[in-house]
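Engineer: Quick one, structure for this:
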Amino acid sequence: MRFTRRLAIPVAVAAGAVLFSAPAALGAAPDWRKVPHSAEEGTLNDVAVLGGGDAWAVGLRQPPYETATPVAEHWDGSSWKAVPVPATPTGTGSLDGVSAVASNDVWAVGDSTGQGPVIRHWNGTAWTAVPPAAPPEGVHPGADRLNDVAAVSATDAWAVGLFSDWNAPGPATLIERWDGTRWSRVPAPSPGRLSNTLQSVAAVSASDVWAVGYYYGEKDTNVALVLHWDGRAWTRSPVTLPSGNTQLQSVTAVSAKDVWAVGDHEGRPFVLHWDGVRWRVLPEPAQTDSSLSAAATDGRGGVWAAGYRMTDGGTTSRPLFLHWTGGRWVTGTSEEAEGTVEGLTRVGGSIWAVGTTSPCSCYVAPPLVEVNGPLPK
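Structural biologist: Numbers count the residues shown, from 1 in each chain. Just a heads-up that it's a prediction; the model follows:
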């Protein structure tokens with residue numbers, strides 16, 4: 001899951017830069033097309049797919065003047081339909097990440113607004129509540145939350161987020177692992193003295209798992225954080241970062257030699273690529289006042305990255321789609337004029353995008369659901 005951040009930053013485009021995405025040229029089909037959706041309000045934070053006719057999206061539903069509640073929706077090859085999810089301890093909250101192993105084995109994680117992490121499991125018939133790992137003895141879970149989940153098999157899954165470490169000034173990284181019976185906490189680096197968070201996790205195998213996020217550094221800026229599990233322990237993965245504020249919001253893994261992480265650097269899209277040896281910072285796209293929340297490979301060696309860009313003096317959020325192909329960035333076109341993309345996933349020759357169509361955090365709008373390529377069936 002990626003937190004939607006809408007910052008009021010002045011908009012500027014460098015001379016000769018690629019312009020922001022705009023409606024497709026006359027007669028040309030847009031790269032991303034809207035898919036009919038019945039919900040009138042809410043945000044979809046993540047999406048996972050098992051096949052063309054079997055996909056899940058999770059998020060929150062928030063009618064006007066009401067609190068948010070978790071939501072899970074299923075794609076059956078023809079339409080998206082909401083499926084009941086057990087209520088959280090507080091009755092409010094959201095689901096922020098989803099991962100699927102099989103049609104009867106799907107995990108979703110999130111937050112219960114003050115009562116700690118939420119974990120839900122789909123067994124092929126219904127969603128059930130599964131207890132998260134217990135916090136240290138005597139510590140209330142409070143602001144603890146899980147932002148994303150990656151399932152490797154029926155007996156191996158990872159969830160990441162942050163927890164309130166009472167022995168430190170601020171939150172620490174939180175990693176939990178499912179062993180087929182229960183969730184337990186696994187030690188992980190927390191380099192930031194004041195704050196640490198993990199936003200996303202992706203697994204290549206049981207001994208090759210990546211988690212990304214950021215921590216608050218000594219120079220009063222956020223610093224992108226990359227962690228790796230080698231089958232024995234979580235360690236920091238060295239990354240040479242540009243100066244200034246950097247954050248990573250999402251990671252997607254294709255193989256041991258092909259991993260992508262996206263976020264933002266000083267209000268501009270930021271992308272890293274792992275080639276099996278080292279992380280490389282890709283050239284920054286021309287967009288400013290933008291952030292990337294999700295990524296999915298295109299199946300041809302490139303990657304789609306998506307999030308939002310601010311326009312109209314920093315008051316309006318618009319979907320941003322960027323495609324890395326042939327060693328350059330190409331800005332994609334969307335049928336949605338406003339909103340934010342929160343999640344991406346590929347199925348065959350198609351990619352699902354989910355998020356919100358709200359142009360700001362001032363009100364709730366219908367979810368964003370779009371597809372690149374043919375509609376999966």
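
Engineer: can you give me the strands for the stretch 151-300 of the chain?
Structural biologist: For the stretch 151-300 of the chain, strands defined by DSSP state E, counting those that start in this stretch occupy the ranges 156-163, 172-178, 183-185, 196-205, 208-216, 222-229, 234-236, 246-255, 258-265, 268-274, 279-281, 290-297.

Engineer: strand partners of the second one, parallel vs antiparallel please.
Structural biologist: For strand 172-178, sheet partners with direction are given as strand 156-163 (antiparallel), strand 183-185 (antiparallel), following DSSP bridges.

Engineer: Put the alpha carbons of it into CSV.
Structural biologist: Extracted in CSV, the C-alpha atoms of strand 172-178 (Å, rounded to 0.1, in the frame of the first residue of the first chain):
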residue,chain,number,x,y,z
ALA,A,172,10.5,1.3,13.9
THR,A,173,10.2,-1.0,10.9
LEU,A,174,7.8,-3.8,11.4
ILE,A,175,8.1,-7.1,9.6
GLU,A,176,5.9,-10.2,10.2
ARG,A,177,6.2,-13.6,8.7
TRP,A,178,3.5,-16.3,8.2
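
Engineer: Going by neighbour count, which residues of that strand are buried?
Structural biologist: Buried residues in strand 172-178, defined by neighbour count with 16 or more other Cβ atoms under 10 Å: 172, 173, 174, 175, 176, 177, 178. Quick note: C-beta positions are derived from backbone N, CA and C, even for glycine.

Engineer: The first one against residue 166, yeah?
Structural biologist: No - under the criterion of Cβ atoms under 8 Å, residue 172 lies out of contact with residue 166, with a separation of 10.1 Å.

Engineer: related to what we said a few turns ago, list just the nearest of the buried residues of strand 172-178 to residue 113.
Structural biologist: For these, the closest approach to residue 113 (Cβ to Cβ) belongs to residue 174, at 16.6 Å.

Engineer: Which pLDDT value belongs to the closest one?
Structural biologist: pLDDT recorded at residue 174 is 97.

Engineer: Serialize the strands paired with strand 172-178 to CSV and add fields for mean pLDDT, distance to residue 229 and mean neighbour count.
Structural biologist: Shown next, in CSV, are the strands paired with strand 172-178 (pLDDT from 0 to 100; distance: least, Cβ to Cβ, whole Å; neighbours: other Cβ atoms under 10 Å):
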stretch, mean pLDDT, distance to residue 229, mean neighbour count
strand 156-163, 97, 8, 26
strand 183-185, 97, 14, 17
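
Engineer: and of those, who's closest to residue 220?
Structural biologist: strand 156-163 (19.3 Å).

Engineer: Can I get the closest one as PDB, trimmed to CA atoms?
Structural biologist: Taking C-alpha atoms only, strand 156-163 is exported to PDB below (Å, rounded to 0.1, in the frame of the first residue of the first chain):
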ATOM      1  CA  ASP A 156       5.400 -18.500   3.800                       C
ATOM      2  CA  ALA A 157       4.200 -14.900   3.600                       C
ATOM      3  CA  TRP A 158       5.600 -11.500   4.600                       C
ATOM      4  CA  ALA A 159       3.900  -8.300   5.800                       C
ATOM      5  CA  VAL A 160       5.600  -5.000   6.500                       C
ATOM      6  CA  GLY A 161       4.900  -1.700   8.100                       C
ATOM      7  CA  LEU A 162       5.900   0.200  11.300                       C
ATOM      8  CA  PHE A 163       5.400  -0.100  15.000                       C
END
